[in-house]
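1. Predicted model, plus sequence, below.
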Amino acid sequence: MIEVAGLTVRYGGVTSLDDMSLTFEQGTCGLIGPNGAGKTTFFNVLSGFVRPAAGTVRAFGVDLLSMAHFRRARWGVRRTFQTEQAIEELSVFDNVALVHEHSKLGSATRRQDVLDAIAFTGIDASPEAKVRTLGAGQRRLVEVARAVVGRPRLVLLDEPAAGLPDEETRHLAEVIRQIPEHTGALAILVDHDMSLVSACCETTAVLDFGRLIASGPTAGVLRNDDVIRAYLGVA
Amino acid sequence: MLDTAGPAASRTGQRSPLRRPGRASVIRGAVVTALLLFTLFGLPALLSLYYIDTMTQVAIYSMVTLGLGLLVGRVGLVSLGQAAVLAIGAWAAARLLFATTQPYPLVLLEAGLITMAAGILIGLPALRLRGLYLALITLMLAGAITVVLTTVNFPNGGHGFLGYNGSLVNIPPIRRPSIASSDPAYFRYSVVVAALMFLLVFVHIRTRPGRAWAAIRQSEPAALAAGINTWFYKLWAFALASFITGVAGGVLAGSVHYLYSIDFPTQDSILLLAVVLMGGVYSLWGAIIAALLYQFLPALLNNWGVSADWLTIIFGLGVLQVLTTAPAGLADQVPRDLARLGRLLRGRFRRPAPSAGEPQ
Amino acid sequence: MPAWSDFEPFIVSGLALGGVYALSGVGLIVLYRATGVLYLAFGAVGAMGALITWSLIQAGTPGWVSWLVCVAFGAAVTLGYGVIFGPALARRDPLVKAVATIGLTLILYGVADLLWTTSGGQARSISFPTDNSGFSVGQVQVDWTQVIALAAGVAITVATGAFLRYTKLGTAMRAMANDRDITATLGVPVRKVEAAAWLGCGVLAGIAGLLLADLVALDATTLTFLVISSLAAVLIARLRSITVTFIAAIVIGVLHDLLTPITSLTNYRDMTPFVLAAIALLVLSRRGVMSRSREEA
């Protein structure tokens, strides 16, 4: 459960998020919108990379904005990046373990959690393999595994399927769809690929020029006139 | 952040994804142990006193290049001030050695810790900057430290906090440990200290800090998103490198007996970065190669009567070559070139089928 | 505390030194803005140019010819480096580009020290005819070389400012500082503009080398690493503003020389550029100007 109220972000003279308010209850939720609508900015606010000019974000009752950025990941805000950021010189296992190293759990439990996450995402490589030897699709899965290991609360996926072939996108969609059930987290998916969003998300919100213009069950939102206008640019 | 990686980076990494860690690390451990034993017991017998002294300096500077290589290669922080950090370590050790009768290892530890404290003091504000700005502020601070050292001078048995005896007569030498007063013994002593420092870094990069540094070097946002306190781990790297460099300064103090501030000019920091890049920043061997480039080659050329300026020129060419074509430095390039040479020779002798094209 | 009259001559020498720092700083900034390269070899190029000039004068070449050779040498080496290594490193981090120029610095420094050995060699100097003529302001003797140094600093700053503002090439350079790729798509001949920046920076390196050889010392080591002091002014200006560079350079030069007669501080006067630059960097970083990249995350 995440509640965003009045969130405003300005860069210099540009307003990237304009008084955005939004609530996602549970499951995998979609966040769509044209380029520059503020989707990644929203994620960056949640990650703590961007300090908003105004607004509040409560996740599962906790005031997210007051938390130091690196602590948010430990608390359970996890994300993937538009340009995939699996750590090249570490093994698959170490990549996933990275985020879990600070938890108070015993090392055997942590190890099992990491292996579970790797198995959950269906990475088709040895856990000992260095990430730089993997292909683009596998690297994306490593990133997703890193986002779901342990006890994530919010899983933010920023265009995870960008540049992947259909086959791998289908597999990824399946994984994303199962994240809430498997981990208990709320997953938010940003993507341009409408078929991916409709395959994964029950709920979807639409941003345009930093403002929320629609939100609700995915099928309904995608038929909404405002949304079609924002996307196709017709009056 | 120094992306020495550049376009050629992925190529260097495509080795041995299926390496069996067990056997390979046993072999590597055996090789390292054998090399270390040879260096300790074989090498001094083979070398003249001139080269034993040189190799002592190599051992000392391998710690300096180890620290700098750690910063540049593992964490992606470029410091242009390591010569000044070394000077701080040497100064602290010299002062302690004149002021107290503490055992030498304790002095080394203290010198390391004092330098580490200085490194943290520098790092706290400096690490707010990144990339080029971080490199330049370290250069500026090193310049400032050098000016201060030129004025206060190194301790030489005088009184007061600075311990400088301005009269320049009856200057006692900086003492060495009693078990290592001869030059060959001091060489062994330096090698052991250096080996301990390498071990310290090795343990770091194989455990949590090493993984955190790898994440930071690739992308700070990704590291933050993985819950890594990037500020803390960067400061840790800075502190560790300063500690090692400070210990190196302590060993240096005993090796040369007399310290002068003109021995630590700011340009040495620049030269150190050059040799570290040439040696290779992604491998611990690179630090040893860098130290050989920095101390052994000049001694060799000096012995042959060749001007050390040639070396400066070669270092300059080396930096350009590393940055444009071979980001992983000699530590990576030499084995690959040897392998290529081997293939080439085999090809010459066996005259393979024309289809077996030579890569490049 | 010394009397005010003790300080007066140092104001003059400080202004002259500041003028050369300003000239160097402007050269460094123009190149950095256009190409993203912080040219650390600036001092080494000037040093070697000045040494060549010295040799030419020893061989009986007329003064003005040998001075021109120094400037031409600076321009040729700098342009050559830019043409050869500029494209290869164009897409790399500014830090890598800067470190690469350390490579050039070492090569030039090595060659200069090899050909004009410092250790045990004779002391060299370059003097301009303007050294011996001058005028006095109150009690203070001012020679024309000092005037030229300050005037060159002022002139280069003003001229460069006008050039960037009012000429087509200057506008192109400013645009490239913002975004190289977009500028390229606008039809600006990126390579030519960069070459012009390299050339201009090289000319300034030659001039700075000559002036510093006269004002400070003709010695490869000193001149090569004097660039670090000029860098301080550039850093205070955040690698952006030539006006701030000029002011910072003058302040550094004057402050440095003003500390000379103060007994307790005179040994520390060489710290001036470093301390000022370090403070400026830290203050700026506190405002978050340079510590956070604005791109994705």
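-> The structure has been received and is ready for your questions.
2. Next, the contact list for the nearest residue to C:Val45 once chain neighbours are set aside, please.
-> Nearest in space to C:Val45, with sequence neighbours left out and distances taken as Cβ to Cβ, 6 or more residues apart in numbering or on different chains, is C:Ala205 at 4.4 Å. C-betas here are computed from N, CA, C, even on glycine. Counting by Cβ atoms under 8 Å, 6 or more residues apart in numbering or on different chains, C:Ala205 makes contact with C:24, C:27, C:39, C:42-43, C:45-46, C:49, C:74, C:78.
3. redo that, cut-off 6 Å
-> Counting by Cβ atoms under 6 Å, 6 or more residues apart in numbering or on different chains, C:Ala205 touches C:42, C:45-46, C:74.
4. now swap in B:Gln57 and tell me
-> B:Gln295.
5. what's the distance between the host helix or strand of it and the middle of its chain?
-> Using DSSP states H and E, B:Gln57 sits within helix B:49-69. Distance of helix B:49-69 from the chain centroid (Cα atoms, centre = their mean, to the nearest Å) equals 8 Å.
6. Pull out the buried positions in it.
-> Neighbour-count burial for helix B:49-69, counted by 16 or more other Cβ atoms under 10 Å in any protein chain shown, picks out B:51-69.
7. Let's check: the centremost residue of chain B is which one?
-> Compute the mean C-alpha point of chain B, and by Cα atoms, centre = their mean the closest residue is B:Thr65, 1.2 Å away.
8. what's the answer for chain A, then?
-> A:Leu156 (1.5 Å).
9. and the residue nearest to it when sequence neighbours are not counted, what does it touch?
-> The spatially closest residue to A:Leu156, leaving aside those adjacent along the chain, is A:Arg79, at 3.8 Å (Cβ to Cβ, 6+ apart). Contact analysis of A:Arg79 by Cβ under 6 Å, 6+ apart lists A:47, A:156, B:225.
10. Please read off the pLDDT at A:Arg79 from the model.
-> Note on A:Arg79: pLDDT of 90.
11. what's the neighbour count on B:Tyr133?
-> B:Tyr133 is flanked by 22 other residues according to other Cβ atoms under 10 Å in any protein chain shown.
12. Any figure for the gap between it and B:Gly158?
-> Computed with Cβ to Cβ, to the nearest Å, the distance linking B:Tyr133 and B:Gly158 is 39 Å.
13. again, but for C:Thr171
-> Distance, C:Thr171 to B:Gly158, by Cβ to Cβ: 62 Å.
14. what are the ranges of the helices in the stretch 101-250 of chain C?
-> Remark: helices assigned in the stretch 101-250 of chain C by DSSP state H, counting those that start in this stretch are C:144-166, C:168-178, C:180-185, C:190-215, C:220-225, C:227-236, C:242-258.
15. which of those sits most buried?
-> Most buried of those, by mean neighbour count (mean count of other Cβ atoms under 10 Å in any protein chain shown): helix C:227-236, with a mean of 27.
16. quick revisit: let me see the confidence value for the residue nearest to the centre of chain A.
-> Value for A:Leu156, per-residue pLDDT: 92.
17. How about the contacts made by it?
-> A:43, A:79, A:188.
18. Make sure the last one is indeed in a strand.
-> If I follow you right, that is A:Ile188. Yes: assessed by DSSP: H, G, I helix; E, B strand; the rest coil, A:Ile188 belongs to a strand.
19. how far away is it from A:Cys201?
-> Taken as Cβ to Cβ, the span from A:Ile188 to A:Cys201 is 9 Å.
20. list residues touching both of the two?
-> Common contacts of A:Ile188 and A:Cys201, defined by Cβ under 6 Å, 6+ apart, comprise A:Cys29.
21. before we move on, the earlier item: which one of the contacts of A:Leu156 sits closest to B:Ala83?
-> A:Arg79 (41.2 Å; Cβ to Cβ).
22. Need the phi and psi values for the closest one.
-> Here is the backbone geometry of A:Arg79 (degrees, to the nearest 10): phi -150, psi 160.
23. do the one 10 residues further on as well
-> Per-residue torsions, A:Glu89: phi -90, psi 0 (degrees, to the nearest 10).
24. So what's the residue count around the nearest residue to it once chain neighbours are set aside?
-> Nearest residue to A:Glu89 in three dimensions, chain neighbours excluded: B:Ala214, at 5.2 Å (Cβ to Cβ, 6+ apart). Residues near B:Ala214, counting by other Cβ under 10 Å, number 21.
25. and B:Ala214, what does it touch?
-> B:Ala214 sits next to A:87, A:89-90 when contact means Cβ under 6 Å, 6+ apart.
26. cool, B:Ile179 as well?
-> Shown in contact with B:Ile179 (Cβ under 6 Å, 6+ apart): no residues.
27. make it 10 Å
-> B:103-104, B:185-186, B:188-189 (Cβ atoms under 10 Å, 6 or more residues apart in numbering or on different chains).
28. With C:Asp6 instead?
-> Here C:Asp6 is in contact with C:258, C:260-262 (criterion: Cβ under 10 Å, 6+ apart).
29. so what's C:Ala280 closest to, chain neighbours aside?
-> C:Ile236 (4.2 Å).
30. One more: B:Arg188?
-> B:Leu40 (5.3 Å).
31. was I right about B:Asn153 contacting B:Tyr164?
-> Yes: counting by Cβ atoms under 10 Å, B:Asn153 does reach B:Tyr164; the two are 4.5 Å apart.
32. Going by neighbour count, list what's buried in the helix or strand containing A:Arg140.
-> Element membership for A:Arg140 (DSSP H and E) is helix A:136-148. Using 16+ other Cβ under 10 Å as the test for burial, helix A:136-148 gives A:137-148.
33. B:Gly163 belongs to a strand, doesn't it?
-> No: the assignment for B:Gly163, made by three-state DSSP, is coil rather than a strand.
34. before we move on, the earlier item: secondary structure for the contacts of A:Arg79 - can I get that in CSV?
-> As requested, the contacts of A:Arg79 are exported to CSV (three-state DSSP):
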residue, secondary structure
A:Ser47, helix
A:Leu156, strand
B:Ala225, helix
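35. ok, the residues you listed vs B:Arg95, which is closest?
-> B:Ala225 (45.1 Å).
36. And that closest one, how far from chain C?
-> 8 Å (Cβ to the nearest Cβ, to the nearest Å).
37. for stretch A:117-137, what is the average pLDDT?
-> Stretch A:117-137 shows a mean pLDDT of 88.
38. That one: which residues count as buried?
-> For stretch A:117-137, a neighbour-count test (16+ other Cβ under 10 Å) marks A:117-118, A:120-121, A:123, A:125, A:127, A:129-134, A:137 as buried.
39. Next to chain C, which bits of chain A? Give me the list.
-> A:11-12, A:40-41, A:43-44, A:47-51, A:79, A:81-83, A:85, A:158 (Cβ under 10 Å from any Cβ of the partner chain).
40. which of those are buried?
-> Here, 16+ other Cβ under 10 Å leaves A:40-41, A:43-44, A:47-50, A:79, A:81, A:85, A:158 buried among the residues of chain A next to chain C.
41. mind listing which of those residues are in helices?
-> If you go by DSSP state H, those have A:40-41, A:43-44, A:47 in helices.
42. now these in a markdown table, with pLDDT and distance to C:Pro62?
-> Converted to a markdown table, these look like this (pLDDT from 0 to 100; distance: Cβ to Cβ, whole Å):
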| residue | pLDDT | distance to C:Pro62 |
| --- | --- | --- |
| A:Thr40 | 87 | 65 |
| A:Thr41 | 88 | 65 |
| A:Phe43 | 89 | 68 |
| A:Asn44 | 89 | 64 |
| A:Ser47 | 87 | 67 |
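43. ok, and which of those reach chain B?
-> A:43-44, A:47.
44. do you know how far C:Ile252 is from C:Ala88?
-> To C:Ala88, C:Ile252 is 34 Å away according to Cβ to Cβ.
45. what's around C:Leu186, how many residues?
-> For C:Leu186, the count of nearby residues is 11 (other Cβ under 10 Å).
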